[in-house]
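S.K.: dropping a prediction and its sequence here:
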Amino acid sequence: MQKTDCDTKITFCSYRQLGDEDKKLVEAAKTASASAYAPYSGFMVGAAINCDGTTVTGSNQENASYPCGICAERAALSTAASCNPDGTIRAIAIAARGRDGFTQEPVTPCGICRQTLLEYELRQKSPIRIIMHGESGTYIAPSAASLLPLSFALPKENKELHD
C-alpha cells in the first residue's frame, strides 16, 4: 500500500492586504454579482477574470429547472475563452451576496467549477490564481489544481499539475 499526501496551500488575508490588481478583480466580481439571476436561491455570485490584462466578468444564472443553470465562474470562463481563445487566464476572483449583503466568509468554487478551472489550466498550460472574497477576509489559492488534488484528468496531466 502506498500513501499519498494531498496538501493544499491557501493564503488568507484581509482585503487591505491584497495587491491593486487583486482588489480590482474583487471589486469587478462584486459588481458582477448585481447582474446575477437568482430568484430561487437568492444567492448572487459574481466572478471576474484577468485574461491578458483584460477583465472579463460573469454572474450566476439560475433556472426554474433546477439544477439547470450556470455558475458565475463558468460564465466568466466561457466569455473569456470565446472573446480571446488564445488568451491566458491569470486569475479569477469570486464574490457572493445574499439578500442581506455580501457574504462574510469567502465562497469557494463548486466541484463543477473547480473541474472547469482545471481544464482551462490544462489547456493553457499554466495555473489560474483563485481569489475567493468574503467581507471577513479573502482566500487565495495558487491554482485550481491545488483545490482539486485528486482531479479528474488523465494520469499524465494529473502528475504534471501537481509536480
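M.R.: Yes, it's here.
S.K.: from here on, just use CA atoms for contacts and neighbour counts.
M.R.: Fine.
S.K.: tell me the strands beside the lengthiest strand in the chain, with direction?
M.R.: Ordering each strand of the chain by length in residues (DSSP state E) puts strand 89-98 first. Applying DSSP bridges, strand 89-98 is found paired with strand 44-51 (antiparallel), strand 101-102 (antiparallel), strand 129-134 (parallel).
S.K.: most tightly packed of the ones you listed?
M.R.: Across the strands paired with strand 89-98, averaging neighbours per residue (mean count of other CA atoms under 10 Å) puts strand 44-51 on top, at a mean of 28.
S.K.: residues contacting that one, please?
M.R.: Strand 44-51 has contacts (CA atoms under 8 Å, 6 or more residues apart in numbering) with 25-26, 28-38, 55-60, 71-73, 76-77, 80, 87-98.
S.K.: in strands only, show me these.
M.R.: Per DSSP E, the contacts of strand 44-51 map to strands at 55-59, 89-98.
S.K.: okay, who's weakest in those by pLDDT?
M.R.: Checking pLDDT across the ones in strands among the contacts of strand 44-51, the minimum falls on residue 98 at 94.
S.K.: contacts only, for it.
M.R.: With contacts taken as CA under 8 Å, 6+ apart, residue 98 has the following neighbours: 42-44.
S.K.: in this structure, what spans have low per-residue confidence?
M.R.: The model of the chain has pLDDT under 70 over residues 153-163.
S.K.: let's see that with 90 instead.
M.R.: 1-9, 64-68, 145, 148-163 (pLDDT under 90).
S.K.: now the helices: where do they sit in it?
M.R.: Along the chain, counting by DSSP state H, helices occupy 20-33, 72-83, 111-124, 144-147, 155-162.
S.K.: contacts for the first one next, please.
M.R.: It refers to helix 20-33. Applying CA under 8 Å, 6+ apart, the contact partners of helix 20-33 are 15, 44-50, 55, 57-60, 92-97, 131, 133.
S.K.: same thing but at 6 Å, please
M.R.: Helix 20-33 is contacted from outside by 44-48, 59, 93-95, using CA atoms under 6 Å, 6 or more residues apart in numbering.
S.K.: which of the ones in strands among the contacts of strand 44-51 are buried?
M.R.: Buried positions within the ones in strands among the contacts of strand 44-51, assessed by neighbour count (16 or more other CA atoms under 10 Å), are 55-59, 89-97.
S.K.: what are the buried residues along stretch 1-21?
M.R.: Neighbour counts over stretch 1-21 (16+ other CA under 10 Å) mark 10, 12, 15 as buried.
S.K.: out of these, the closest to residue 138 would be?
M.R.: Nearest to residue 138 among those: residue 12, at 5.5 Å, using CA to CA.
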